[in-house]
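Turn this into a model:
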Amino acid sequence: MFRYLGLLWNAESVPAAAGAEGLKRRIQALMPAWKLVFTGTGVAVLATDCSRHLTAQSLYGGRGIILGEIFPRPSPWDAGAPVERAQFAAQETQALLETQGRILASRYWGNYVAFILDGERGPRYLFKDPCGSLPCYFTEHGGVQLVFSCLGDCRELELRFEVNWAFVRARVANGSREVRKPSLLGVSTVYRGECVRFSREAALESRTQYWRPDFTGTTEFADPEVAQRAVHATVVSCASSMAGGHSSVLAQVSGGLDSSIVLGVLSDLPSRPNINCYTFYVPNSVCDERRWARYAVQRLQCTQIEVPLAPEKLIYEELPALAASMEPPSYFTHWQKGPVERELAARFGATAVFTGEGGDAAFCSTSYVFAVDHCLRRHGLGLQTLRTAAQVAMRRDRTVWSVLGKALVREMTGDKDAAGERSLEPFRRLVSEDVQEPAGMNLETLLRSGTVAFAPSFYDVSTSHHCAAPYAASPLCAQPVVELCGLIPVDVHFDGGRLRGLARRAFAAEVPEPILRRQWKDRPLLQLREVIALNLPFIREHLLEGRLVKERILSRTAVEQALCEGPSSRGAIGSEILTDLDIELWIRDSA
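Here you go, the predicted model:
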């Protein structure tokens, strides 16, 4: 798996320079596969497992390096053509330096981390792209700023960090959403769209957020025909650009609209890679996605692997610990997906897995209630707004006046959380009362942020970071798609009173009619309950006798009641129990 290590130090300090040289030699001695991909005054960057799609690209004149993949920003009005990788010759590099890296957030997109040097004696900048999954962290070690992507590499260098309990409290209170507190003491995160400035002495000087998503909607995309063309062109351009470095890929096909859109777009590319599809399903379940996935795959006429999920085999006591990670990973997700995807990737020679992740947020499937708010802003209390309110009310089983009244209150008061009737993750039924915290993000922004609201998840931690694993590519999470869909008013996304109505129109040529008509998604609701029942003794031991209860982050009474009753409507739901278990196991494995 692609990884990098960067070293920043004060080149005028003899001890710091000696420490950096010693650390560099130690890395190359312990891990011979690492290559020195960039060196400058007080800077050295090493990388391993570079490939055609994730590479190390130097800036002109030795002014830095960009790790990962980066593309020029596509126009929403082009024909959806793929764009070539960005090149940073003299002019592009100069513009990047003049803006201290800001143009990376506005003129480019991709999945990358940039090291930027403002001359030999000037500051150093570290920028993480806004929507990609490649992570970036840094820690000071022996007078050197060590920048890294994978905690496992720090472990090999015998660097250990203690768990930050402030992070744990905030994480339990806010579910899996990103928490802007260090997860491990002594380690800092470069967040999505953030630029960190270091002095020439390698001292941290400032942190600036270069990118913030805009979900206000604009009149430019209020015309459904205009928005439809822009969405289609942008998704096609991003998908084709992401597929450009791969000769063979896997496509995760769930039978839902989003994964069907991605598969349909990939299948129509002029120079498409070899595509093999797979679908997870639960045997003997009333929620069987296979017949819908078959509709999507039949159009492509490619290999489809139907993979049965076996909850009865997910016995936590028998599972090895997941690899070291900066964030608490999901045992349930990684042990069900990781081994399967690695085996299929090896079988078909695939280097990436394409998914429909991000479609719920981008196409406003979970935020359609705000269609009334957006309609009010443009049309006032007219017929169009009443019609939209009636469509929302019908889907939510509410009265028109209830839906309209709440939208009016939100618009008049500016309180977007007034719509928070639905239960959102976290459900927080096990959390101690003195630990619960506000989410820090209004409901509409949260629902439309998608992956932006979560910490990057790049590595398959069900295996060693030294092992090969396919790269997860999610075109609907690409920055141009996130930004464009945020500019389209929610009522335009809710075209015809249908969830993802605009997307259904935009990709009618790529998605089979039965999937376009489908307005629901099957979910194997009993799967989590079965896993919890099979692992109840293990879960009781680790939650009731674990650190979360001892530190009074979880309520012992609530945990006991939930595990006695099981994940019913009266107790904690299954996802909260397993999420808290993940955190408990992460604390254990981080010690």
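
ok, V144 - contacts?
Neighbour list for V144: 7-9, 16, 19-20, 23, 202 [criterion: Cβ atoms under 8 Å, 6 or more residues apart in numbering]. Backbone N, C-alpha and C define where each C-beta goes, glycine included.

how about 6 Å then?
The neighbourhood of V144, defined by Cβ atoms under 6 Å, 6 or more residues apart in numbering, consists of 7, 9, 19-20, 23.

Need the phi and psi values for it.
Recorded main-chain torsions at V144 are phi -120, psi 140, according to degrees, to the nearest 10.

on contacts alone, who are the packing partners of the lowest-mean-pLDDT helix or strand in the chain?
The helix or strand with the lowest mean pLDDT-type score in the chain, counting by mean pLDDT, DSSP states H and E, is helix 526-534 (a mean of 84). Here helix 526-534 touches helix 574-590, going by 3 or more Cβ pairs under 6 Å, 6 or more residues apart in numbering; DSSP states H and E.

Quick one: mean pLDDT for the helix it packs on?
Average pLDDT, helix 574-590: 93.

so what's the spatially most central residue of the chain closest to, chain neighbours aside?
The centroid of the chain falls nearest to T451 when counting by Cα atoms, centre = their mean (3.7 Å). For T451, the nearest residue in space outside its immediate sequence neighbours is C477; the separation is 4.7 Å by Cβ to Cβ, 6 or more residues apart in numbering.

and the one you found, what is it in contact with?
C477 makes contacts with 131, 357-358, 451, as judged by Cβ under 6 Å, 6+ apart.

tell me the two of these that are most distant?
Spatial extent of the contacts of C477 (Cβ to Cβ) is set by the pair C131 and E357 at 11.5 Å.

neighbour count winner among the two?
Using other Cβ atoms under 10 Å as the criterion, C131 and E357 rank with C131 on top: 25 against 21.

Domain parsing of the protein, as residue ranges.
3-209, 526-590 (automatic domain parsing).

Centre of the chain to the longest one, how far?
Translated: domain 3-209. When distances are taken as Cα atoms, centre = their mean, to the nearest Å, domain 3-209 is centred 18 Å away from the chain's centroid.

Make CSV from the domains of the chain and add distance to H465 to it.
Formatted as CSV, the entries for the domains of the chain read as follows, by distance: least, Cβ to Cβ, whole Å:
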stretch, distance to H465
domain 3-209, 4
domain 526-590, 14
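
Quick one, which of these gets closest to S325.
Ranking these by their distance to S325 (criterion: Cβ to Cβ) puts domain 3-209 first, at 5.9 Å.

That closest one - what's its average pLDDT?
Per-residue pLDDT values across domain 3-209 average out to 92.

Check whether F507 really touches I261, as I assumed.
Yes - F507 lies in contact with I261 (Cβ atoms under 6 Å); the separation is 4.8 Å.

higher neighbour count, the two?
Set F507 next to I261 and count neighbours by other Cβ under 10 Å: I261 wins out with 29 against 24.

Would you verify that that one is located in a strand?
No - read with DSSP: H, G, I helix; E, B strand; the rest coil, I261 is helix and lies in no strand.

How confident was the prediction at it?
Per-residue confidence for I261 comes out at a pLDDT of 97.

go on, G440?
Looking at G440, its pLDDT is 60.

With the one 5 residues further on instead?
The pLDDT attached to T445 in the predicted structure is 86.

That one and A346, how far apart?
Taken as Cβ to Cβ, to the nearest Å, the spacing of T445 relative to A346 amounts to 40 Å.

Also V481?
The span separating V481 from A346 equals 30 Å under the rule Cβ to Cβ.

quick one: which of those two has more around it?
In this view V481 and A346 are compared by other Cβ under 10 Å, and V481 has more residues nearby, 26 against 12.

Tell me which helix or strand comes right after the helix or strand that one falls within.
Element membership of V481, judged by DSSP states H and E, is helix 479-487. Along the chain past helix 479-487, the next helix or strand (assigned with DSSP H and E) turns out to be helix 490-493.

CA atoms only for that following helix - export them in CSV, please.
Taking only C-alpha atoms (Å, rounded to 0.1, in the frame of the first residue of the first chain), the coordinates of helix 490-493 have been written out as CSV:
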residue,chain,number,x,y,z
VAL,A,490,-31.8,20.7,-2.5
ASP,A,491,-35.2,21.1,-4.2
VAL,A,492,-33.5,20.6,-7.6
HIS,A,493,-31.9,17.4,-6.3
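
elements contacting that helix?
If contacts are counted by 3+ Cβ pairs under 6 Å, 6+ apart, helix 490-493 sits against helix 371-379.

which other residues reach the helix it packs on?
The contact list for helix 371-379 (Cβ under 6 Å, 6+ apart) reads 217, 385, 388-389, 392, 403, 407, 410-411, 489-491, 494.

same question, stretch 453-463
Where contact means Cβ under 6 Å, 6+ apart, the residues beyond stretch 453-463 that reach it are 1, 133-135, 177-178, 322-323, 325, 327, 329, 334-335, 338, 446, 469.

In helices only, show me these.
Among the contacts of stretch 453-463, the members falling in helices (DSSP state H) are 334-335, 338, 446.

Need those in TSV (columns: neighbour count).
Formatted as TSV, these follow (neighbours: other Cβ atoms under 10 Å):
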residue	neighbour count
H334	21
W335	19
G338	18
L446	23
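
Dump the residues you listed to CSV, plus distance to D373.
Rendered in CSV, the data for those read as follows (distance: Cβ to Cβ, whole Å):
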residue, distance to D373
H334, 38
W335, 41
G338, 40
L446, 15
